[in-house]
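Student: Here is a sequence with its predicted model. Questions after.
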Amino acid sequence: MSRLRAALRKDQRRPLERQGKLTDKASRVVLEVLFAEEPELDPVIGSLFGIRDIDLPVPRKVALAEERDSFASLCAFTGAPDLLPADGFLTEEEIGSISDRDSLLPSMPGITPREDPMVEHDANTFLGWTRQESDRLAVRKFTDGKGRTLEIMNVNRWPIETRLGTDLIYYHKQRRSFVLVQYKRMVPDGSSWRCRVDDHFRQQLDVMRTLDNKCRQEEPGSEAFSATF
């Protein structure tokens, strides 16, 4: 954020301080700062736009639609919805393929899903990647068919959950990069839902942040041990 503020003019920084609309030029500056910070984002975001018209298998089309939808949600969550194209990321066809589902979980009519089976479901699922055999308990292995390997570790209710504050650990073998995921129940808030933030949540988040800081000190400027949450 400090780099971003330095790159924007004073009038362009206003949407960062309070709700407002970024100008087209400010949006381009924001993307340039993001790409300078994380060069690998450039082809990733480019692919979200560029392969829209290519004839793809249905599973890959659905996966791309969900990736675009996730990126749109991320932009909205971080307060930068103006980075999105005016007509949104999803085509009408893509919207039709996912709009009839409340979530990515299999349907459970009349039953409130519990955390354990939800974590187990997500540990066994990674859209666009192919499941591989693994003989390690609670570890699922996936490949994208291009030499990249992802391992998903279900550590829910294991001692590591207490030590790291996480339910799932995603490990990219080639990049030696970790993503830590903690599940939290959502609670009703009027006509919408919100995540339940309490002292236990804050403690778990502090543990993950402490781990992330220690890893950065160990390998300054490297992504080798980066923890994301």
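Tutor: Yep, that arrived.

Student: Just give the number of residues close to Gly147.
Tutor: 7 (other Cβ atoms under 10 Å). Bear in mind the C-beta positions are built from the backbone N, C-alpha and C, glycine included.

Student: What distance do you get for it to His172?
Tutor: Between Gly147 and His172 the computed distance is 12 Å (Cβ to Cβ, to the nearest Å).

Student: Check Arg185 too.
Tutor: To His172, Arg185 is 28 Å away according to Cβ to Cβ.

Student: Of those two, which one has the most company?
Tutor: His172 (15 against 11).

Student: residues touching that one, list them.
Tutor: By Cβ atoms under 8 Å, 6 or more residues apart in numbering, the residues touching His172 are Arg148, Thr149, Leu150, Phe178.

Student: And for Glu151?
Tutor: With contacts taken as Cβ under 8 Å, 6+ apart, Glu151 has the following neighbours: Ser134, Val139, Arg140, Lys141, Phe142, Tyr170, Tyr171, Lys173.

Student: Any chance of the backbone angles for the second one?
Tutor: So the one you mean is Val139. When read as degrees, to the nearest 10, the backbone of Val139 gives phi -120, psi 130.

Student: Show me the beta-bridge partners of it.
Tutor: Val139 has the following beta-bridge partners by DSSP bridges: Met153.

Student: Just give the number of residues close to it.
Tutor: The local packing of Val139 (other Cβ under 10 Å) involves 15 other residues.

Student: pretty sure it contacts Thr149?
Tutor: No - the pair formed by Val139 and Thr149 falls short of the contact definition of Cβ atoms under 8 Å, at 11.7 Å.

Student: While we're on the most centrally placed residue in the chain, how confident is the model there?
Tutor: Nearest to the mean C-alpha position of the chain, by Cα atoms, centre = their mean, lies Ser70 at 7.0 Å. At Ser70 the predicted local distance difference test score is 76.

Student: do you know how far it is from Leu48?
Tutor: In this structure, Ser70 lies at 10 Å from Leu48, with Cβ to Cβ as the measure.

Student: And the residue nearest to the centre of the chain, its phi and psi?
Tutor: Note on Ser70: backbone dihedrals following degrees, to the nearest 10 are phi -70, psi -40.

Student: How many residues are close by Phe35?
Tutor: Around Phe35 there are 15 other residues, counting by other Cβ under 10 Å.

Student: Sorry, slip of the keys, the one I care about is Ala63.
Tutor: For Ala63, the number of neighbouring residues by other Cβ under 10 Å comes to 16.

Student: sec struct for it, please.
Tutor: helix (DSSP: H, G, I helix; E, B strand; the rest coil).

Student: From Leu56, how far off is it?
Tutor: Going from Ala63 to Leu56 by Cβ to Cβ gives 9 Å.

Student: Repeat that for Lys25.
Tutor: Counting by Cβ to Cβ, the gap from Lys25 to Leu56 is 33 Å.
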